[in-house]
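Colleague: pasting the structure only:
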């Protein structure tokens, strides 16, 4: 699940362990899961706030590991542009260091 991907990334960031293979796998899995959620948004828009929160945590963890790749930024921009109200102020504050 998306939450599990975030938990793994957050754990690696907490212990400052970088595995590029794992980061690539997480990035690919998150992209797939978020794309599925966005495709299903008309039938189930309730999943979008969770996606925003998870992306914020994921970007924060990846920023701590200095692993920031364009697909994550594009994915975040896509979610925020389609659902700007889904992202809380706390989530935005988690994302900001990744963009700095």
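Modeller: Thanks, I have it. Remember, it's a predicted structure, so these values are computed and weren't measured experimentally.
Colleague: so the residue nearest the centre of the chain is in which element?
Modeller: Nearest to the mean C-alpha position of the chain, by C-alpha atoms, centre = their mean, lies residue 55 at 2.1 Å. In the assignment (DSSP states H and E), residue 55 maps to helix 48-64.
Colleague: hmm, back to that, in contact with the residue nearest to the centre of the chain, which residues?
Modeller: Contacts of residue 55 were listed using C-beta atoms under 8 Å, 6 or more residues apart in numbering, and they are 30, 34, 72, 75-76, 79, 91, 95. For glycine as for every other residue, the C-beta is placed from the backbone atoms N, C-alpha and C.
Colleague: Now do the contacts for the closest residue to residue 91 other than its chain neighbours.
Modeller: Distances taken as C-beta to C-beta, 6 or more residues apart in numbering put residue 56 closest to residue 91, at 3.7 Å, once the chain neighbours are dropped. Shown in contact with residue 56 (C-beta under 8 Å, 6+ apart): 87, 90-92, 94-95.
Colleague: let's see 10 Å
Modeller: Residues in contact with residue 56 (C-beta atoms under 10 Å, 6 or more residues apart in numbering) are 6, 76, 79-80, 87-88, 90-96, 98.
Colleague: Could you single out the nearest of the residues you listed to residue 68?
Modeller: residue 98 (5.9 Å; C-beta to C-beta).
Colleague: The closest one: what secondary structure?
Modeller: Under DSSP: H, G, I helix; E, B strand; the rest coil, residue 98 falls in the helix class.
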